[in-house]
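S.K.: I need the structure of the sequence given here:
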Amino acid sequence: MPDSARPLSARMRPRNLEEYVGQEHILGPGRLLRRAIEADRLSSVIFYGPPGTGKTSLAQIIAATTSSRFERLSGVESNVAEIRKVAAAAALRLSNSKQRTILFVDEIHRFNKAQQDVLLPDVENGTLRFIGATTHNPFFYVNSPLVSRSQVFQLVPLTVDDLLALMSRAISDPDRGLGGKVHLQPDAARHLATVSDGDARRCLNALEIAALTTPADADGGVNITLEIAAESIQTKAIVYDGDGDAHYDTASAFIKSMRGCDPDAAIYWLAKMLHAGEDIRFISRRLIICASEDIGMADSNALQVALAAHQAAEILGLPEAALVLAHATIYVATAPKSNSSTLAIGAATEDVTQGRTLAVPAHLRDAHYAGAKQLGHGAGYKYGHDYEGGYVPQAYLPEGRSYYHPTEHGMEKRVKERLEYWRSLFEKDSEA
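M.R.: Purely as a prediction, here's the structure:
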């Protein structure tokens, strides 16, 4: 295909590390990946991250920098026979000319186990330098043996400034870009960079559409306004996979924002999940969990609000369910927090599973069946309602262990005061 017929995003692919934009956390000066590339000490790697973040471009740069043969296969279209053909050619090339071969497998998560296993011997013996690219977390979607033989690098969405720099370069480049004949107004540039959601391919393709569909002025220049830019890029598609990283990461951010008492952040993550089509029952279950795990005794009403939201959301359905979930989200986020009940059940469970099993004290055992009294069951049990305040000092654990330690947050402060009073009565009774 002639170079002029290729999309702008393909023509503007970076040719070396100096042209590569973004991913400073792995490619900045002194970073591991940059050092390994420059020193030609890179073994097999897996790049994972959203579309348009530079995974393929980086693989090509590595091949060019290390003077390696670049072979590309697709996890969707390629098969075992093609893998073996590439491996055989790589072995011959290494033997004859000492040239290394980089095998780049796009969408490696689409390879089945057998296809991934075919790669292992040649990766292991150094015949191939393997570079995999995936939008899915490789620790979940790529076979463990292949992951263990590779260094995994996560690529992140490009920043607005990164995309602005890429568009500026594309506009001014006389050979591969738009040749300086396009004027992109600042607000139009920022709109494209923002709506592209960190995807360089999407951003450059939208810029090209705007440039090609806008009539030139008398001087042959093209002026791209905000209105033209908005028409040239579709509504932002939320990056959200229903069973992958985006799903779990967004849910995690939602819960942690509520736990951190930030209603604004919690509402944003809620809106993202709803916009992406998340199951409203999944969201309401997170609210119920947070109400007990992170609020607990500080405000027991939070659990009732979360349960009510769960039921109401199922009755209403969307779009009205969004109002109910927003109500509950803000309540949970702004409620006082206590994880004392969470810590209590965790500590008790650890004692049950790790320690010696405690026998039920005789006075607490069931005494309702014939012959129980002959065994001494129930002997000496004191019925709390027979005593003032409904409390009587009495041991309910043979070793007097303590698991629940109330905080002074919200309504739990009153619980703490009441519990301290009861415990003081128990201590006095024990000393008597």
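
S.K.: now this structure, which segments are flagged as low pLDDT?
M.R.: Residue ranges of the chain with pLDDT under 70: 1-4, 234-244, 432.

S.K.: was I right about Leu307 contacting Ile288?
M.R.: Yes. Look at Leu307 against Ile288 with CB atoms under 8 Å: they come within range, at 6.2 Å. (Glycine included, C-beta is placed from N, CA and C.)

S.K.: out of the two, which sits in the busier spot?
M.R.: Between Leu307 and Ile288, Ile288 has the larger neighbour count (other CB atoms under 10 Å), namely 18 against 15.

S.K.: Excluding chain neighbours, give the residue nearest to that one in space.
M.R.: Ala306 (4.4 Å; CB to CB, 6 or more residues apart in numbering).

S.K.: residues near that neighbour, how many?
M.R.: 25.

S.K.: Assign Ile131 to helix, strand or coil.
M.R.: State at Ile131, reduced to three classes by DSSP: H, G, I helix; E, B strand; the rest coil: strand.

S.K.: roughly how far apart are Pro263 and Lys256?
M.R.: 13 Å (CB to CB, to the nearest Å).

S.K.: what do you get for Leu192?
M.R.: 31 Å.

S.K.: ok, these two, which is more surrounded?
M.R.: Neighbours per residue (other CB under 10 Å) separate Leu192 from Lys256, with Leu192 holding more: 25 against 15.

S.K.: So which residue is dead centre in the protein?
M.R.: Asp249 (2.6 Å; CA atoms, centre = their mean).

S.K.: Let me know whether Pro50 touches Thr135 as I believe.
M.R.: Yes. Under the contact definition of CB under 8 Å, Pro50 touches Thr135, with a separation of 6.2 Å.

S.K.: List the buried residues in the helix or strand hosting the residue nearest to the centre of the chain.
M.R.: Using DSSP states H and E, Asp249 maps to helix 245-259. Along helix 245-259, these residues count as buried under the neighbour rule (16 or more other CB atoms under 10 Å): Asp245, Ala246, His247, Thr250, Ala251, Ala253, Phe254, Ile255, Ser257, Met258, Arg259.

S.K.: would JSON lines of the residues you listed with distance to Glu408 be doable?
M.R.: Compiled in JSON lines, these are given as follows (distance: CB to CB, whole Å):
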{"residue": "Asp245", "distance to Glu408": "38"}
{"residue": "Ala246", "distance to Glu408": "38"}
{"residue": "His247", "distance to Glu408": "37"}
{"residue": "Thr250", "distance to Glu408": "33"}
{"residue": "Ala251", "distance to Glu408": "30"}
{"residue": "Ala253", "distance to Glu408": "29"}
{"residue": "Phe254", "distance to Glu408": "27"}
{"residue": "Ile255", "distance to Glu408": "24"}
{"residue": "Ser257", "distance to Glu408": "24"}
{"residue": "Met258", "distance to Glu408": "21"}
{"residue": "Arg259", "distance to Glu408": "18"}
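
S.K.: Which of those sits closest to Val182?
M.R.: Ala246 (33.4 Å; CB to CB).

S.K.: Please report how far the closest one lies from Glu278.
M.R.: Per CB to CB, Ala246 is found 10 Å from Glu278.

S.K.: just Val105 next, same as before
M.R.: Val105 sits 31 Å away from Glu278, going by CB to CB.

S.K.: How many residues are close by the residue lying closest to Leu274 once chain neighbours are set aside?
M.R.: Excluding its sequence neighbours, the residue lying closest to Leu274 (CB to CB, 6+ apart) is Ala322, at 5.5 Å. Ala322 sits with 17 neighbouring residues when counted by other CB under 10 Å.

S.K.: Secondary structure element holding Ala322?
M.R.: Assigned by DSSP H and E, Ala322 belongs to helix 321-334.

S.K.: repeat for Ile315
M.R.: Per DSSP H and E: Ile315 is located in helix 301-316.

S.K.: Tell me which residues of that helix come out buried.
M.R.: Going by neighbour count (16+ other CB under 10 Å), the buried part of helix 301-316 is Ala302, Leu303, Val305, Ala306, Ala309, His310, Ala312, Ala313.
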